[in-house]
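# For reference, the sequence and a predicted model appear below.
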There are 2 protein chains.
Amino acid sequence: MEEQIIDVLKKSQLSVTDSRRKILELFLQSDSAMAHHDIEIKAGEKFDRVTVYRTLQAFLDKGIIHTIPTPDNSVKYALCKDNCEQGHHHDDHIHFICKICGITTCLDEVHVPEIKLPRGYKTQQTEVVVSGICKECS
Amino acid sequence: MEEQIIDVLKKSQLSVTDSRRKILELFLQSDSAMAHHDIEIKAGEKFDRVTVYRTLQAFLDKGIIHTIPTPDNSVKYALCKDNCEQGHHHDDHIHFICKICGITTCLDEVHVPEIKLPRGYKTQQTEVVVSGICKECS
DNA sequence: CATATTTTGCAACACTGTTGCAAAATGTAG
DNA sequence: CTACATTTTGCAACAGTGTTGCAAAATATG
């Protein structure tokens, strides 16, 4: 795990610091998306709020994580799969939010459908967020 | 217009006040979704920030408007079509955000596709937000 | 028109996210 | 391993967003 963390950071040309190691570890350990606040709590009081913001921003810039828009408008973050490169996300999976346990997950095996738009519109990115009841809760 | 506004408010069992009239008027006049901030500005200084929040919340509760989740996590609001009732939204249209002009619109004629989820997941609601270039900007 | 109810504006507050800057940590090259 | 340049961190301060309690004002009702 430790090796993998350092590997990811180096590949992204990020210097290896405590906060980046810790936060990346959280992502690797978690199988669901996390809000900024979750990360702040889980990382512990050792890290400043501002550092968490900056670390997440760095990870976003480097394509290590991606954001998930949610209907209640709380930003969540999740790891990108390895087909993402710096600045170029190739996320074509949908996101699922369980209304019971509140957990947000990437359903990597479910791809976003192609949406046919009216004449004149050009699609660049499609976000699909499904809410409902997850495997565990049903 | 004035008649329509009062009609909508009465049907939703909301008392007719200046702020509700004004804000509902803004929605009826606008063909794109508005952020809280936009509404605050457009409504003018006559209305308190808090009143705008409470008015939007009332409209949401009554199913007059709905929210649109955006990738940059700014909440936007748009009118519901008349097939929405109190607390029961039947929104099955997709949303479009233009990356050039920034305008968010409901594409009422484009319906959300059915997403087939893995075993165990139950869908309750599907949100589709497409980003790209709109008719006007292309 | 008088009264009960609802809504508004204000003040205060908590939370979220950003910026500038000095101190600390990291990377690099000898 | 050390010294130095560069990057990152923590802190303080701030702007923006959203919420709550309460008295005053507006609205609905009979």
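That came through, no problem.

# for chain A, what spans make up the strands?
Assigned by DSSP state E, chain A shows strands spanning A:34-35, A:65-68, A:76-79, A:93-98, A:104-111, A:122-133.

# Looking at those strands, which is nearest to residue A:20?
strand A:65-68 (11.7 Å; CB to CB). The C-beta positions use only the backbone N, C-alpha and C, and glycine is treated the same way.

# Any part of the closest one near DNA strand D?
No: using CB under 7 Å from any atom of the strand, strand A:65-68 never reaches DNA strand D; the gap is at least 14.9 Å.

# related to what we said a few turns ago, tabulate the strands of chain A (TSV), appending distance to residue A:27, mean neighbour count and mean pLDDT.
Formatted as TSV, the strands of chain A follow (distance: least, CB to CB, whole Å; neighbours: other CB atoms under 10 Å in any protein chain shown; pLDDT from 0 to 100):
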stretch	distance to residue A:27	mean neighbour count	mean pLDDT
strand A:34-35	7	20	95
strand A:65-68	6	23	93
strand A:76-79	5	22	94
strand A:93-98	15	23	95
strand A:104-111	11	17	94
strand A:122-133	19	18	95
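
# OK, contacts around residue A:126?
By CB atoms under 8 Å, 6 or more residues apart in numbering or on different chains, the residues touching residue A:126 are A:112-115, B:128-131.

# oh, I was asking about residue A:129
Residue A:129 makes contact with A:68-71, A:94-97, B:69, B:126-127, according to CB under 8 Å, 6+ apart.

# Out of the residues you listed, the closest to DNA strand D would be?
residue B:69 (11.7 Å; CB to the nearest atom of the strand).

# isn't the closest one right next to residue A:69, touching?
Yes: contact criterion CB atoms under 8 Å: residue B:69 and residue A:69 qualify, at 4.3 Å.

# And the pLDDT for residue A:82?
Listed pLDDT for residue A:82 reads 63.

# got a pLDDT number for residue A:85?
Note for residue A:85: predicted pLDDT of 54.

# so what's the most far-flung residue of chain A relative to its centre scoring on pLDDT?
Each residue of chain A has a distance to the centre, and by CA atoms, centre = their mean the biggest one is for residue A:119: 32.6 Å. pLDDT, residue A:119: 95.

# Just give the nearest non-adjacent residue to it, would you?
residue B:135 (7.5 Å; CB to CB, 6 or more residues apart in numbering or on different chains).

# ok, back up a step: in TSV: the contacts of residue A:126, plus distance to DNA strand C.
Formatted as TSV, the contacts of residue A:126 follow (distance: CB to the nearest atom of the strand, whole Å):
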residue	distance to DNA strand C
A:112	24
A:113	29
A:114	31
A:115	27
B:128	23
B:129	18
B:130	23
B:131	19
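
# And those residues, which is closest to DNA strand D?
Nearest to DNA strand D among those, with distances taken as CB to the nearest atom of the strand, is residue B:129, at 16.9 Å.

# what residues does chain A put near chain B?
Counting by CB under 8 Å from any CB of the partner chain, chain A comes close to chain B at A:67, A:69-71, A:73-75, A:94, A:96, A:99, A:107, A:109-110, A:113, A:115-135, A:138.

# roughly how far out does stretch A:20-35 sit from the chain middle?
The chain centre lies 9 Å from the centre of stretch A:20-35; the measure is CA atoms, centre = their mean, to the nearest Å.

# Tell me if it is near DNA strand D.
Yes: counting by CB under 7 Å from any atom of the strand, contacts between stretch A:20-35 and DNA strand D involve residue A:20.

# hmm, who's touching that stretch?
Contacts of stretch A:20-35 (CB under 8 Å, 6+ apart): A:1-2, A:4-6, A:8-9, A:14, A:39, A:42-44, A:46-47, A:52, A:55-56, A:58-59, A:64-65, A:68, A:74-79, A:95, A:103-106.

# ok, back up a step: now the residue farthest from the centre of chain A: how far from residue B:130?
Relative to residue B:130, residue A:119 is positioned 15 Å away (CB to CB, to the nearest Å).

# Next up, the contacts around the most centrally placed residue in chain A.
Taking CA atoms, centre = their mean, the centroid of chain A lies closest to residue A:78, which sits 1.7 Å from it. Residue A:78 makes contacts with A:27, A:32-34, A:65-66, A:68, A:104-106, as judged by CB under 8 Å, 6+ apart.
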